[in-house]
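Student: Got a predicted model here, sequence first, then my questions.
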Amino acid sequence: MTRQIILNAFDMTSAMHNSHGLWKHKESRRHREYTDPAYWAELARLLEKGKFDAVFFAEVLGVYDTYRQSGSPSIRDGLQVPAIDASYVVPFMASVTEHLSFAITVSTTYEQPFTNARKFSSLDHLTDGRIAWNVVTSYLPNAARNFGLSDMVRHDKRYTIADEFLEASYKLWEGSWEDNAVVEDSDNKTLVDPEKVHQINHQGTFFNVAGPHLSAPSPQRTPVLYQAGTSDKGRAFAAKHAECIFVGGPTPEKIREYIDDIREQARRIGRNPDHLKFFSFLNVVVAPTTEEAEQKFAEYDQLWSVDSAKAQFSGASGHDLAFYESLDQDLPFDFKKTEHAHYKQATVDRNRDKKPTIREVLSRFEHIDRETCIVGNPKEVADGIQKQFEASGVDGFNLNHLVSPGDLQAFVDLVVPELQARGLYKTEYKKGTLREKIFEHTDADLPEDHPGYAYKVTKKDLKLKGETVR
């Protein structure tokens, strides 16, 4: 059977996402309507019509203020600000759909396991098992200051914190409530059997959580776990915890290299590599004809904001591009590691044999990156997607959209039928929760090879702990 593409719409509940300056386009609606529930309901219906598996909501906890040592360049063009909390949008979207799922981004660096577990259990209940958590560790200096820190937590330490955060979360989701704790026994005046609800008593280096979890088990118990990370620490974390992994890279070959590495790391720690799905980013500009698509791309490029693009790269990578702007030289770009995210540095290092020069790096922000954007008619775009899908070995894509919701509408109307005709994309949804839809698991729970499964409460476990077992 032909492998089929898993597709997420990559979005953010903000005025703009990664469409630098394109709020000025005459068809842009998101910057005016992102606070309107009707906008998100309309988008949800469109994505379900297009058989999208999920909408993936990115998140930031501060402004990008590394470029020129100021937040002004990013704020001026609405770079992921102003923004609202995506978790409040999901119920609106879920109420008008049956199959579309939702991935919410939450940071393990600044949140607490107890409240986060309750949030995701609530969303999993309210969506009937259509929720995922994109686990991030956060990298913006302004975010650290917003949570009372003078400096960011160091990159590798953030992953150490995240590892314990997941451990405490598994205990809450998997180990606090037994499946049949809610008994609704009117004869004995008992709604919930207290002997089947357990404290977790987690005492760790970074978190102390007594429990019990306040939510009864949701359809998936643990939400589907998404994660993105190309650093050594990030890939190790993904191999241990993640089910869906976003892998960025300058070429399909580099993406495949990351995938092979993570799968092998997962295999070595006892996980089934087939229980991991991999995604990369997809940028598309499509129209009925090649000429119309090229014209559309040219219109977008005319509105592109260079400052906003540089502000995002600077904030994510830790390299203030304003420093390099004054160096009109062909010297190799300085790729020293920072405590920010590491994935952005890889996006400008596309030639394995030669480091890009300062001039080359700066030039890549002057226009929309044509090298990473598929432009054309439906057949040409489908050809490009199929080529990336097969060459990289990914299981699916996070689809970016430059003008919203118009570009998503064009993708659903023009590209989806072409992919379906090739057998590369589903024509109907599978039934069940998100985990059941995208994996071959027999039920909605974590598979037995996942580390979270080890925390699942059983009668045997309770006897070993000395608890009373009925």
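Tutor: Ah, there it is. Keep in mind it's a predicted model, so treat the numbers as computed, not measured.
Student: From here on, just use CA atoms for contacts and neighbour counts.
Tutor: OK.
Student: any low-confidence regions in this structure?
Tutor: Low-confidence segments of the chain (pLDDT under 70): 1, 328-336, 339-353, 459-470.
Student: and residue 403, how many residues sit next to it?
Tutor: Neighbour count of residue 403, defined by other Cα atoms under 10 Å: 23.
Student: Identify the residue nearest the geometric centre of the chain.
Tutor: Taking Cα atoms, centre = their mean, the centroid of the chain lies closest to residue 134, which sits 4.7 Å from it.
Student: which other helices and strands contact the host helix or strand of it?
Tutor: Using DSSP states H and E, residue 134 sits within strand 131-136. When contacts are defined as 3 or more Cα pairs under 8 Å, 6 or more residues apart in numbering; DSSP states H and E, strand 131-136 sits against strand 101-107, helix 113-126, strand 224-228.
Student: what's the distance between the residue nearest to the centre of the chain and residue 106?
Tutor: Distance of residue 134 to residue 106, given as Cα to Cα, to the nearest Å: 6 Å.
Student: now swap in residue 251 and tell me
Tutor: Applying Cα to Cα, the value for residue 251 to residue 106 is 28 Å.
Student: Now do the same contact list for residue 320.
Tutor: Shown in contact with residue 320 (Cα atoms under 8 Å, 6 or more residues apart in numbering): 66, 67, 68, 69, 314.
Student: could you redo the last one with a cut-off of 10 Å?
Tutor: Shown in contact with residue 320 (Cα atoms under 10 Å, 6 or more residues apart in numbering): 65, 66, 67, 68, 69, 310, 311, 313, 314.
Student: Which members of the residues you listed define the maximum pairwise distance?
Tutor: The largest separation in the contacts of residue 320, counting by Cα to Cα, is between 69 and 313 at 13.0 Å.
Student: Next, the buried residues of the longest strand along the chain.
Tutor: Assignment by DSSP state E gives strand 277-286 as the longest strand of the chain. For strand 277-286, a neighbour-count test (16 or more other Cα atoms under 10 Å) marks 277, 278, 279, 280, 281, 282, 283, 284, 285, 286 as buried.
Student: how distant is that strand from the center of its chain?
Tutor: Centroid separation between strand 277-286 and its chain, computed with Cα atoms, centre = their mean, to the nearest Å, is 12 Å.
Student: Sheet partners, orientation included, of it?
Tutor: Strand pairing for strand 277-286, using DSSP bridges, gives strand 244-246 (parallel), strand 373-376 (parallel), strand 396-400 (parallel).
Student: Can you give me the buried ones in the next helix or strand after that strand?
Tutor: Once strand 277-286 ends, the next helix or strand along the chain (criterion: DSSP H and E) is helix 290-303. Buried residues in helix 290-303, counted by 16+ other Cα under 10 Å: 290, 292, 293, 294, 295, 296, 297, 300, 301, 303.
Student: quick one: contacts of helix 290-303?
Tutor: With contact meaning Cα under 10 Å, 6+ apart, helix 290-303 is reached by 19-25, 284-287, 289, 304, 366-370, 373-381, 402-403.
Student: List only those of these flagged as buried.
Tutor: 19-23, 25, 284-287, 304, 367-368, 373-381, 402-403.
Student: higher neighbour count, residue 69 and residue 313?
Tutor: Legend: neighbour count by other Cα under 10 Å for residue 69 and residue 313, higher for residue 313 (24 against 14).
Student: just to confirm, which helix or strand has the more buried one in it?
Tutor: Assigned by DSSP H and E, residue 313 belongs to helix 306-317.
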